[in-house]
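Q: build me a structure from this.
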Amino acid sequence: MFDYKVKAHLNSIIDRAASYGLTSVDVDYATDFLAAHEFLLCLDHIVTQLFEYNISVDDQFFIDIEHVAHIVGMPEDDYSHIKSLIKHIQ
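A: Model (predicted):
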């Protein structure tokens, strides 16, 4: 059950990251990590690439990142920097 819920959350995060502008190559990498049950690597890749490319996200996206990070054991220092990317997205 744990895997199913985490995968569902991460699939949603990947889809939204793509809609914000994450490249298809990065989406493919994240999807590959997810398929291999590398949940922490999947989330880390998304967070890193969003920050690297300065891609804006919304409040709810950040909240969802925090939620999944807690589940997979990602330290706050590894994702908190993307809070600076929060913008009002239409």
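Q: what about the longest helix in the protein?
A: Using DSSP state H to define each element, the chain has its longest helix at helix 2-20.
Q: what comes up buried for that one?
A: For helix 2-20, the buried set under the neighbour-count rule, 16 or more other Cβ atoms under 10 Å, comprises 6, 9, 10, 13, 14, 16, 17, 18, 20. In short, each C-beta sits where N, CA and C put it, glycine included.
Q: residue 65 is in contact with the fourth one, correct?
A: Right, residue 13. Yes. Contact criterion Cβ atoms under 8 Å: residue 13 and residue 65 qualify, at 6.7 Å.
Q: between those two, which contacts overlap?
A: Common contact partners of residue 13 and residue 65 (Cβ atoms under 8 Å, 6 or more residues apart in numbering): 43, 46.
Q: before we move on, the earlier item: can I get the buried residues of helix 2-20 in a markdown table including pLDDT and distance to residue 61?
A: As requested, the buried residues of helix 2-20 are exported to a markdown table (pLDDT from 0 to 100; distance: Cβ to Cβ, whole Å):
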| residue | pLDDT | distance to residue 61 |
| --- | --- | --- |
| 6 | 95 | 17 |
| 9 | 97 | 12 |
| 10 | 98 | 13 |
| 13 | 98 | 7 |
| 14 | 98 | 11 |
| 16 | 97 | 6 |
| 17 | 98 | 8 |
| 18 | 98 | 12 |
| 20 | 96 | 8 |
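Q: put together CSV for the residues you listed, with distance to residue 48 on each row.
A: Formatted as CSV, the buried residues of helix 2-20 follow (distance: Cβ to Cβ, whole Å):
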residue, distance to residue 48
6, 19
9, 18
10, 15
13, 13
14, 14
16, 16
17, 11
18, 15
20, 14
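Q: give the contact list for the closest residue to residue 83 other than its chain neighbours.
A: Nearest residue to residue 83 in three dimensions, chain neighbours excluded: residue 62, at 5.9 Å (Cβ to Cβ, 6 or more residues apart in numbering). Counting by Cβ under 8 Å, 6+ apart, residue 62 touches 82, 83, 86.
Q: sounds good, over and out.
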